[in-house]
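Undergrad: Give me coordinates for this.
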Amino acid sequence: ERTDFPIVCETCLGPNPYVRMTRAEFAKECKVCTRPFTVFRWRPGASARFKKTEVCQTCAKAKHVCQTCILDLDYAVPVQVRDQALGEEGNGAPLSAVHREYHAQQLERELAVGG
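TA: Modelled structure (predicted):
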């Protein structure tokens with residue numbers, strides 16, 4: 001997928017409002033759905049280490065998580081903890097490659113229609 005800006009939390013973005021990012025299209029595969037995606041890399045502060053995106057935007061939007069630290073965007077807790085606290089069941093990604101691709105396409109359609 002091609003994107004212009006990642007979905008990241010304020011902690012990962014850092015205190016500097018002028019962050020310089022590099023973008024590499026289709027540079028890595030998503031850790032959830034294993035599809036290639038645009039990887040962003042930046043340094044949040046002068047003494048900080050470089051950060052980069054780990055999951056694609058489709059998976060990040062579906063789970064409402066940061067693409068870098070994979071924590072919930074609202075509560076800043078791991079997704080599993082959030083789902084247990086809210087009483088939701090996490091739907092895992094399918095195991096076979098064909099089903100993963102189909103699942104990702106369905107999520108993209110759902111997100112396009114739903115907002």
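
Undergrad: Low-confidence bits of this structure, can you list those?
TA: The model of the chain has pLDDT under 70 over residues 90-93, 115.

Undergrad: Repeat the analysis, applying 50 as the threshold.
TA: Applying pLDDT under 50 to the chain flags no residue at all.

Undergrad: In it, what residue spans correspond to strands?
TA: Ranges of strands within the chain are 21-29, 36-42, 51-52, based on DSSP state E.

Undergrad: Now mean neighbour count too, for those strands, in a markdown table please.
TA: Yep, even glycine has a C-beta here, placed from its N, CA and C like the rest. Output for those, formatted as a markdown table (neighbours: other C-beta atoms under 10 Å):
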| stretch | mean neighbour count |
| --- | --- |
| strand 21-29 | 14 |
| strand 36-42 | 20 |
| strand 51-52 | 20 |
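
Undergrad: Any chance of those strands in JSON lines with distance to residue 85 as columns?
TA: Shown next, in JSON lines, are the strands of the chain (distance: least, C-beta to C-beta, whole Å):
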{"stretch": "strand 21-29", "distance to residue 85": "30"}
{"stretch": "strand 36-42", "distance to residue 85": "29"}
{"stretch": "strand 51-52", "distance to residue 85": "26"}
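
Undergrad: looking at those strands, which is closest to residue 74?
TA: Closest approach to residue 74 among these (C-beta to C-beta): strand 51-52, 20.0 Å.

Undergrad: Could you check how far the residue nearest the centre of the chain is from residue 28?
TA: The residue lying closest to the centre of the chain (C-alpha atoms, centre = their mean) is residue 67, at 2.8 Å. Plainly put, residue 67 is 11 Å away from residue 28 if you go by C-beta to C-beta, to the nearest Å.
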